[in-house]
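# Sequence and predicted structure below; questions after.
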Amino acid sequence: MKRSLLIILLFIPLLALSQKKEYKVAVVGFYNFENLFDTIDTENVRDTEFTPQGSNRYNSGVYQDKLSNLSRVVSEIGTDVTPDGVAVLGICEIENRQVLEDFVRQPAIRDRNYQIVHYDSKDRRGIDVALIYNPKYFEPKTSFAYPLFTRVSPDGDTSYSRSILVVSGVFDGDTMTFMVNHWPSRSGGEKATAHLRNRAAELNKMFVDTIEQEYPGQKIIIMGDLNDDPINESVKKYLNARNSPKRLNKDEMFNPMYDFYKKGIGTTAYRDAWSLFDQLIFSYSFVNKRYGGWQFYKAGIYNESYMLQKEGQYAGYPLRTYGGGVYMGGFSDHFPVYAILLKEIN
């Protein structure tokens, strides 16, 4: 069969014991860009440290290096199974749409013609979530950003975290919804802030349940930096995410990142401990073959050696742009996560 630039048609013998079957292949992912700011001091946004006059001396050279570094990583994710790489990528910790416009024009990825879904959030640091997509695979039909408030002061002033981005459309014949998240941090203590992440999880599950009631069988992926691990209450209880696709109930979701976590494999490190905050979580219809269409096959964490710090106290950690206020020329303090989707060819 003719090799297509849209997708690779692979033989996957693991999925058929008696005979080989032919599948379309696509890759989806999520990546925390760790403070991809422009160099402009924006009014009413806490971005001064990411300006030439700020503590990081964040200038155009640093900005361009960071864009180049991030695009190198994104250009490689999934290319072992498809030359198109990642078809849909959720992103967090970006300041505005302009930094994404600059990102998708980077030489390493510009041929993919990535398009952008982005809304400004009410987060006080001015950082947002977004989705980029290859239009050869995905065509958005509707999208919205739901504000996530964290606190209401006695005088009525409301504080917000990053919004929840919900994008629905058609992914190569399947109706599919992507929900991009960057949940409230653990600043102030994990237990003291757990209710904020639980609320974010409740909202995500509410959107999932509403979609499934109105459009039974629609494929849904929750992705993001959840600031919680797969074993935390927000994920296990409020998202109702399970560690195995076997015997999954319709109201449950499948979290393939759980097994990585149990093996001690994470996406970000702090005080000599790995966390797996970056997750991809799939609706029931992604793991039940009776729904047909695109199905979950395999998940991964992209952590190539060049993305690691090589020496010093934090050797083996993700190589960051800055460490202790010192420019390190790295990528992000998080590794990206991705999943391979398959669609059987009749």
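The structure has been received and is ready for your questions. It should be emphasised that the depicted structure is a prediction, and the values quoted were computed from it without experimental measurement. Numbering: from 1, shown residues only.
# For the host helix or strand of E101, buried residues please.
E101 is part of helix 97-104, with elements assigned from DSSP states H and E. Going by neighbour count (16 or more other C-beta atoms under 10 Å), the buried part of helix 97-104 is 99-100, 103-104. C-beta: built from backbone N, CA, C; applies to glycine.
# Could you export those residues to TSV, including columns for distance to D228?
Below are the buried residues of helix 97-104 laid out as TSV (distance: C-beta to C-beta, whole Å):
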residue	distance to D228
V99	26
L100	26
F103	27
V104	30
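# Quick check: of those residues, which lies closest to K236?
The closest of the buried residues of helix 97-104 to K236 turns out to be L100 (C-beta to C-beta; 32.3 Å).
# Same list (the buried residues of helix 97-104) but as a markdown table, adding pLDDT and distance to G312.
Output for the buried residues of helix 97-104, formatted as a markdown table (pLDDT from 0 to 100; distance: C-beta to C-beta, whole Å):
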| residue | pLDDT | distance to G312 |
| --- | --- | --- |
| V99 | 98 | 29 |
| L100 | 98 | 32 |
| F103 | 98 | 29 |
| V104 | 98 | 33 |
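# for the helix holding E101, packing partners?
Under the contact criterion of 3 or more C-beta pairs under 8 Å, 6 or more residues apart in numbering; DSSP states H and E, helix 97-104 touches helix 60-76, strand 86-94, strand 115-118, strand 128-133.
# how many degrees apart are the first one and strand 86-94 in direction?
Spelled out, that is helix 60-76. Angle, helix 60-76 to strand 86-94, by axes from the mean of the first three to the mean of the last three C-alpha atoms, to 10 degrees: 150 degrees.
# mean confidence for helix 60-76?
Mean per-residue pLDDT for helix 60-76: 98.
# how about the strands of the stretch 101-250 of the chain, start to end?
If you assign secondary structure with DSSP state E, counting those that start in this stretch, the strands in the stretch 101-250 of the chain sit at 115-118, 128-133, 138-146, 149-152, 158-160, 164-171, 174-182, 219-225, 241-242.
# Go ahead and name everything in contact with the third one.
So the one you mean is strand 138-146. Strand 138-146 is contacted by residues 87-88, 117, 119, 121, 129, 131, 133, 163-172, 176, 203, 207 when judged by C-beta atoms under 8 Å, 6 or more residues apart in numbering.
# In this structure, which strand is the longest?
strand 22-36 (DSSP state E).
# Quick check: buried residues in that one?
Buried, per 16+ other C-beta under 10 Å, within strand 22-36: 23-36.
# Narrow the contacts of strand 138-146 to those that are buried.
Buried members of the contacts of strand 138-146, scored by 16+ other C-beta under 10 Å, are 87-88, 117, 121, 129, 131, 133, 163-169, 171-172, 176, 203, 207.
# Give me the distance between I220 and V27.
17 Å (C-beta to C-beta, to the nearest Å).
# What of V180?
16 Å.
# So which of the strands of the stretch 101-250 of the chain is nearest G330?
For these, the distance to G330 is smallest for strand 219-225, at 17.3 Å, taking C-beta to C-beta.
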